[in-house]
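Peer 1: Sequence plus the predicted model coming up.
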Amino acid sequence: MADALSQAEFDALHAEHLRWYERRGGKGPMVVNGLSLRLLDLRGRQLSEAELVDVDLAESDLTGAQFARASLMGANLRGARLVDADFYKATLDDADLTDADLTGARLARVDCAGTVLARATLDRTNLSAALFMRTDLRGARVRNARMDATSFADALIGQADFSGTTGTVTRNDHVIVEDDGSPVDAVAALNAAGAQVSEFDPDQQPESGE
């Protein structure tokens, strides 16, 4: 079991992180790799550029938290509440967000290679230029989301609901829908799941999500 930080210990580290992030001093970004932050009060916290590799945040309330350019590789975020959180350019490779609620989150340019988002809620998210390579989105709800040059290379999307989602998907992406592992065209599969997306035109620049 991972060592756990108390609320007081986290608050002290966070205060130092804020001093660094706001250029008021500080030694550098927060680094709490491999520790449990489970059920601490992290709502609305500024954690941009923090190192949170392999942390345990399962079932935590992270509503409105700021994770821009942060590293959460391998993090346990199962069942976490991430409504309106900001993951702009964050790294979530191999993280587990099963059953997480990311309603309204900004996931523009996020890296989700090998990430598990099974049964997660991503309604009204900004997915511009996000990378969902080998991402498990089976049973996820991605309704009324926005895409622009979003990649779903080899993603698993069986039983996912993309109703009302619009935008573009990178060229030649294939996804896995059936249990037999057969790859199918991403645009066609996403549209069959309720989206209205087309292939991204490489002559156009994707929106930054800023």
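Peer 2: Happy to help now that I have it.
Peer 1: Would you indicate which residues of the longest helix along the chain are buried?
Peer 2: Ordering each helix of the chain by length in residues (DSSP state H) puts helix 7-21 first. Within helix 7-21, the residues scored as buried using 16 or more other C-beta atoms under 10 Å are 10, 13-14, 16-17, 20-21. The way it works is simple: take the backbone N, C-alpha and C, and place the C-beta from them, glycine included.
Peer 1: what do you get for stretch 36-45?
Peer 2: Neighbour counts over stretch 36-45 (16+ other C-beta under 10 Å) mark 36-38, 40, 42, 45 as buried.
Peer 1: same thing with stretch 97-109?
Peer 2: Result for stretch 97-109 [16+ other C-beta under 10 Å]: buried residues 97-109.
Peer 1: Give me the distance between the two termini of that stretch.
Peer 2: One end of stretch 97-109 to the other measures 17 Å (C-alpha to C-alpha, to the nearest Å).
Peer 1: any idea how far the residue nearest the centre of the chain lies from residue 5?
Peer 2: The residue lying closest to the centre of the chain (C-alpha atoms, centre = their mean) is residue 107, at 5.5 Å. Distance, residue 107 to residue 5, by C-beta to C-beta, to the nearest Å: 26 Å.
Peer 1: returning to that earlier point: closest to residue 176 out of the buried residues of stretch 36-45?
Peer 2: Nearest to residue 176 among the buried residues of stretch 36-45, counting by C-beta to C-beta, is residue 38 at 31.5 Å.
Peer 1: does that closest one count as helix, strand or coil?
Peer 2: coil (DSSP: H, G, I helix; E, B strand; the rest coil).
Peer 1: So it sits against residue 56, correct?
Peer 2: Yes - judged on C-beta atoms under 8 Å, residue 38 makes contact with residue 56 at a distance of 5.0 Å.
Peer 1: show me where this protein has helices.
Peer 2: 7-21, 186-192.
Peer 1: List the buried residues of the last one.
Peer 2: Using 16+ other C-beta under 10 Å as the burial criterion, the residues of helix 186-192 that qualify are 186-187, 189-191.
Peer 1: quick one: which of the buried residues of helix 7-21 is nearest residue 60?
Peer 2: Among these, and counting by C-beta to C-beta, the member closest to residue 60 is residue 10, at 11.3 Å.
Peer 1: How much space separates that closest one from residue 31?
Peer 2: Distance from residue 10 to residue 31, counting by C-beta to C-beta: 13 Å.
Peer 1: Between the helices of the chain, which one is closest to residue 127.
Peer 2: So among those, helix 186-192 is nearest, using C-beta to C-beta, at 11.2 Å.
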